[in-house]
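S.K.: return atomic coordinates for the entry below.
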Amino acid sequence: MTTKTNSNDLVGKASSSPLLSSPTRQRLVTKDGHCALRPPPAPPGLWPWASARAWLLTLHDLWGAVVGLRWRWVLLAFCASFLAHWLLFACLWYLLAHLNGDLAVQDHDAPPVGHVVCVKHITSFTAAFSFSLETQLTIGYGTMFPSGDCPSAIALLAVQMLLGLMLEAFITGAFVAKISRPQKRAGAIKFSPQAVVGQHQGQTCLMLRATNMLQRPLMNVKVSAVLYEECEGQALHQTSLDFQLDRLGHRPCPFFIFPLTFYHPLDRHSPLYPALCDGSSGHFELVVFLSASQEGTGDTCQKRTSYLRQEIHFDRRFLPATGLDTRGRYKVNTQHFDTAHSREPLAKDCVVQINGDGSDRME
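M.R.: Below you'll find the predicted structure:
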């Protein structure tokens, strides 16, 4: 069975859809890939319990919470944690000196007979803080040092060193993990601000473009998407979509250093066909995911973006974004990538042929 459908009628249906007049909604995923969904506030009567539960969940994944913080908060946590550690043990050293009677000794170099000074020359809280700082940083005691005849001082010294090493390992590891995060590499991947619907090899396709802003290539690049549709007023229905590269099909691109255009055929089996061509769908948001591997480390990074109905343009295609300079070297035209579109009418007649294998093909 063969059905003829005029592509201009499809565009007219899409442009006259009530989606254009629908109220503005917040995105699920922002253009730069951050999740915009927020958890609902706790009821007033349950607020203390809900807040305590949220803190417990954060403590269960303390490492992920620290690595995910912004740099300003990581630096603040670094300074605050070490300062709190020094102050805590300064109080303990001062308390030990007070309980042992060292604060009342006038001359620590010549203490009374039978009195053992636990830490030499801790006569004030300032001296106790200085000793705590020197112990943690192992910068040398100078005139202040613990006595080997005071077991309490040796035990407290061991506890401070163990906890200090654990704190240093955690903070140093957080710094290294934050610097080497694959998400930082994904920040150099840029999507086209809009997607386009146009003809590609005889098919009506949804097209979007991505480029690598750095000269360091990425490997095994693959793009997928999830379509979030509003159903029955408030419910969100999600459907996965596949994108392919020209001549590579659904296979990953092994080398990503120049702009790539990804295609999704808009046949009747596509979840986007009712939303874009029939106009029978409600509000929708297309969230696109690009996954790639770094050449040096092999770590996988992911870049996300989203497209609303008003960010998908019909009868357009992307301008070529690569060319040659005067020396015959390849170059990327960033201006063409950003402006991205040039008018090109769709074919007047799009024939939707239902083949015997049950697949639709736009010809």
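S.K.: tell me the contacts of Phe145?
M.R.: For Phe145, the contact set (CB atoms under 8 Å, 6 or more residues apart in numbering) comprises Val119, Lys120. Backbone N, C-alpha and C define where each C-beta goes, glycine included.
S.K.: how near is it to Val113?
M.R.: Counting by CB to CB, to the nearest Å, the gap between Phe145 and Val113 amounts to 21 Å.
S.K.: could you do Cys231 as well?
M.R.: Noted for Cys231: a distance of 89 Å to Val113, by CB to CB.
S.K.: now swap in Pro217 and tell me
M.R.: Per CB to CB, Pro217 is found 77 Å from Val113.
S.K.: of these two, who's got more company?
M.R.: Remark: of Pro217 and Val113, Pro217 carries more neighbours, 15 against 5, as counted by other CB atoms under 10 Å.
S.K.: isn't that one right up against Glu295?
M.R.: Yes. Counting by CB atoms under 8 Å, Pro217 sits close enough to Glu295 to count as a contact (5.6 Å).
S.K.: helices of the stretch 151-300 of the chain, start to end?
M.R.: 151-179, 182-186, 273 (DSSP state H, counting those that start in this stretch).
S.K.: which outside residues touch the last one?
M.R.: Helix 273 is contacted from outside by Leu266, Asp267, using CB under 8 Å, 6+ apart.
S.K.: next one: that helix to chain centre, how far?
M.R.: Centroid separation between helix 273 and its chain, computed with CA atoms, centre = their mean, to the nearest Å, is 30 Å.
S.K.: and the residue lying closest to Leu103 once chain neighbours are set aside, how many neighbours?
M.R.: Leaving aside its sequence neighbours, Leu103 sits nearest to Ala97 (CB to CB, 6 or more residues apart in numbering; 5.5 Å). The tally of other residues near Ala97 (other CB under 10 Å) stands at 25.
S.K.: contacts only, for Ala97.
M.R.: Contact analysis of Ala97 by CB under 8 Å, 6+ apart lists Leu103, Cys118, Val119, Ile122, Thr123, Ala128.
S.K.: how close does the fourth one get to Cys91?
M.R.: Yep, that's Ile122 we're talking about. Applying CB to CB to Ile122 and Cys91 gives a distance of 12 Å.
S.K.: between these two, which one's more packed in?
M.R.: Taking neighbours as other CB under 10 Å, Ile122 and Cys91 compare with Ile122 leading, 28 against 14.
S.K.: residue contacts, that one?
M.R.: Contacts of Ile122 by CB under 8 Å, 6+ apart are Trp93, Tyr94, Ala97, Asp102, Leu103, Ala128, Phe131, Met144.
S.K.: go ahead and confirm the first one touches Glu134.
M.R.: What that stands for is Trp93. No. At 10.8 Å, Trp93 does not count as touching Glu134 under the criterion of CB under 8 Å.
S.K.: these two: which has the busier surroundings?
M.R.: A side-by-side neighbour count of Trp93 and Glu134, using other CB under 10 Å, places Trp93 first with 28 against 16.
S.K.: and the helix or strand the more buried one falls within, how far out from the chain middle?
M.R.: Assigned by DSSP states H and E, Trp93 belongs to helix 71-100. Centroid separation for helix 71-100 versus its chain: 32 Å, with CA atoms, centre = their mean.
S.K.: and for stretch 97-106?
M.R.: The chain centroid and the centroid of stretch 97-106 are separated by 54 Å under CA atoms, centre = their mean.
S.K.: okay, it in PDB with CA atoms only?
M.R.: Presented in PDB, the C-alpha positions along stretch 97-106 are these (Å, rounded to 0.1, in the frame of the first residue of the first chain):
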ATOM      1  CA  ALA A  97      47.800  20.200  79.700                       C
ATOM      2  CA  HIS A  98      45.100  21.500  82.100                       C
ATOM      3  CA  LEU A  99      44.200  18.000  83.500                       C
ATOM      4  CA  ASN A 100      47.900  17.100  83.900                       C
ATOM      5  CA  GLY A 101      48.700  20.400  85.700                       C
ATOM      6  CA  ASP A 102      51.100  21.600  83.100                       C
ATOM      7  CA  LEU A 103      49.500  25.100  82.900                       C
ATOM      8  CA  ALA A 104      50.400  25.700  86.500                       C
ATOM      9  CA  VAL A 105      54.100  24.900  86.000                       C
ATOM     10  CA  GLN A 106      56.200  28.000  85.800                       C
END
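S.K.: pLDDT of that stretch, averaged?
M.R.: Mean per-residue pLDDT for stretch 97-106: 87.
S.K.: looking at the chain, which helix or strand is least sure?
M.R.: strand 349-354 (a mean of 30; mean pLDDT, DSSP states H and E).
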